[in-house]
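Student: here's a sequence, model it:
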Amino acid sequence: MDQKDNWKTKVFLIGAVVGTLSGLLAAYIITQRADRAEVRPQLSAGEGVKLGLGVLGVLRQVADLNVGK
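Tutor: Here you go, the predicted structure:
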């Protein structure tokens, strides 16, 4: 592997770890709230759209990190 391409592997690995950890944290929060309310968590269509738009917003912010440098 080229030394030039080594940074790409590191970026992918860091992204995978951060994505996995944030997903696990979100699942933990959802299950804790459901346990406290003693209900099974359900996602409505409107909540799904809000969640999807929120994820797209975060991805857009990440994509804009290096703009202007």
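Student: where in the protein is pLDDT low?
Tutor: 1-3, 67-69 (pLDDT under 70).
Student: can you rerun that using 90?
Tutor: 1-8, 11, 41-43, 62-63, 65-69 (pLDDT under 90).
Student: regarding it, what is its longest helix?
Tutor: The residue-count maximum for a helix in the chain (DSSP state H) belongs to helix 3-37.
Student: so how far is stretch 23-33 from its chain's centroid?
Tutor: 12 Å (C-alpha atoms, centre = their mean, to the nearest Å).
Student: and the contacts of it?
Tutor: Under the criterion C-beta atoms under 8 Å, 6 or more residues apart in numbering, residues Pro41 lie in contact with stretch 23-33. The way it works is simple: take the backbone N, C-alpha and C, and place the C-beta from them, glycine included.
Student: what angle separates the helix or strand hosting Gly54 from helix 3-37?
Tutor: If you go by DSSP states H and E, Gly54 is part of helix 45-63. If you take axes from the mean of the first three to the mean of the last three C-alpha atoms, to 10 degrees, helix 45-63 sits at 150 degrees to helix 3-37.
Student: distance between helix 45-63 and the chain's centre?
Tutor: 9 Å.
Student: make 326 the first number, not 1, from now on.
Tutor: Noted, 326 is the first residue going forward, which turns the last one into helix 370-388.
Student: list of residues touching it?
Tutor: Leu368.
Student: middle-most residue in this protein, spatially?
Tutor: Note on the chain: the residue nearest the mean C-alpha position is Gly344, at 4.9 Å, using C-alpha atoms, centre = their mean.
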